[in-house]
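J.: 3D, please:
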Amino acid sequence: MEHLIESVWAEGDFEDLLAYALLVTIFTYGNLAHLLRAEGRRRHRLYLCRPELIPNPHIGSPWQFLHQSQSDRAFITTMGVDTTTFQVILDVGFEYLWNSTAIPQTDTNTFGEPRLGARSLDAAGGLGLYLHYLRSSMREVGLQLIFALIPSTVNRYLTFACQILLATLRGYPASRITWMEDEELNEMMRLVQVRA
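T.: Predicted coordinates for the structure are as follows:
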């Protein structure tokens with residue numbers, strides 16, 4: 001570069017030297033601006049990447065330990081349901097729908113066969129993820145740590161689990177809200193008045 005500048009300077013072609021210097025300046029500032037933008041984005045990233053998480057969500061994640069404990073206290077604390085209710089939701093349709101429905105993605109056929117072996121979570125994990133999300137006010141980074149998932153997978157699974165849970169509860173008669181019959185309503189009113 002010094003040789004080029006010396007030859008341009010010796011020939012007295014200052015316009016070429018000025019144009020060359022301008023190009024170098026633009027290139028340098030362009031790269032610097034790109035690096036500064038990238039660094040700014042890195043500082044504001046509030047999520048974890050795969051190398052920062054447990055390598056396999058199927059083995060050794062906090063969710064796996066919680067689920068294997070089958071502790072009513074732990075389930076109620078983290079998901080708002082006891083182990084029996086959790087299992088009933090799985091049994092009345094959630095697990096079937098989870099295993100028989102392809103997870104919608106922009107680059108796949110939504111009517112295709114689900115690839116269960118490629119999923120990071122089984123049906124219990126999907127239900128656990130969504131119930132954790134509903135029950136707590138934690139940020140998604142907390143869910144990433146508990147379930148060992150990257151952000152895009154957490155978002156996709158939350159949306160999918162919501163749809164599956166809604167379909168499951170709509171088809172389960174015990175989850176329906178119904179108005180009391182007149183006799184039942186009168187009895188409840190009488191019990192309230194007795195207690196008051």
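
J.: drop to CA atoms for contacts and neighbour counts, all remaining ones
T.: Fine.

J.: can you map out the helices along this structure?
T.: Along the chain, the stretches classed as helices by DSSP state H are 2-11, 14-44, 62-69, 72-79, 83-89, 95-100, 123-135, 140-147, 151-170, 182-195.

J.: For those, which has the smallest mean pLDDT value?
T.: If you rank the helices of the chain by mean pLDDT, helix 2-11 sits at the bottom with a mean of 56.

J.: and Gln68, how many neighbours?
T.: 9 (other Cα atoms under 10 Å).

J.: nope, Val81 is what I meant
T.: Neighbour count for Val81, taken as other Cα under 10 Å: 17.

J.: now it: how far from Arg170?
T.: For Val81, the distance to Arg170 (Cα to Cα, to the nearest Å) stands at 18 Å.

J.: for Phe75, same thing?
T.: Phe75 is 23 Å from Arg170, by Cα to Cα.

J.: I figured Leu127 was touching Thr159, is that so?
T.: No - counting by Cα atoms under 8 Å, Leu127 sits too far from Thr159 to count as a contact (11.3 Å).

J.: Looking at these two, which is more packed in?
T.: The residue with more neighbours, out of Leu127 and Thr159, is Leu127; 27 against 14, by other Cα under 10 Å.

J.: Please name the nearest non-neighbouring residue to that one.
T.: Closest residue to Leu127 apart from its sequence neighbours, by Cα to Cα, 6 or more residues apart in numbering: Ala161 at 6.4 Å.

J.: How about the contacts made by the one you found?
T.: Listed by Cα atoms under 8 Å, 6 or more residues apart in numbering, the contact set of Ala161 reads Trp98, Gly126, Leu127, Tyr130.

J.: How about the second one: what's its closest non-neighbour residue?
T.: Leaving aside its chain neighbours, Gly126 sits nearest to Ala161 (6.0 Å; criterion: Cα to Cα, 6+ apart).

J.: List the buried residues in stretch 132-148.
T.: Buried residues in stretch 132-148, counted by 16 or more other Cα atoms under 10 Å: His132, Tyr133, Glu140, Val141, Leu143, Gln144, Leu145, Ile146, Phe147, Ala148.

J.: And stretch 57-75, by the same measure?
T.: Pro57, His58, Ser61, Trp63, Gln64, Ala74, Phe75.

J.: Output those in a markdown table, with distance to Gly93 appended to each entry.
T.: Formatted as a markdown table, these follow (distance: Cα to Cα, whole Å):
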| residue | distance to Gly93 |
| --- | --- |
| Pro57 | 23 |
| His58 | 22 |
| Ser61 | 25 |
| Trp63 | 21 |
| Gln64 | 21 |
| Ala74 | 23 |
| Phe75 | 20 |
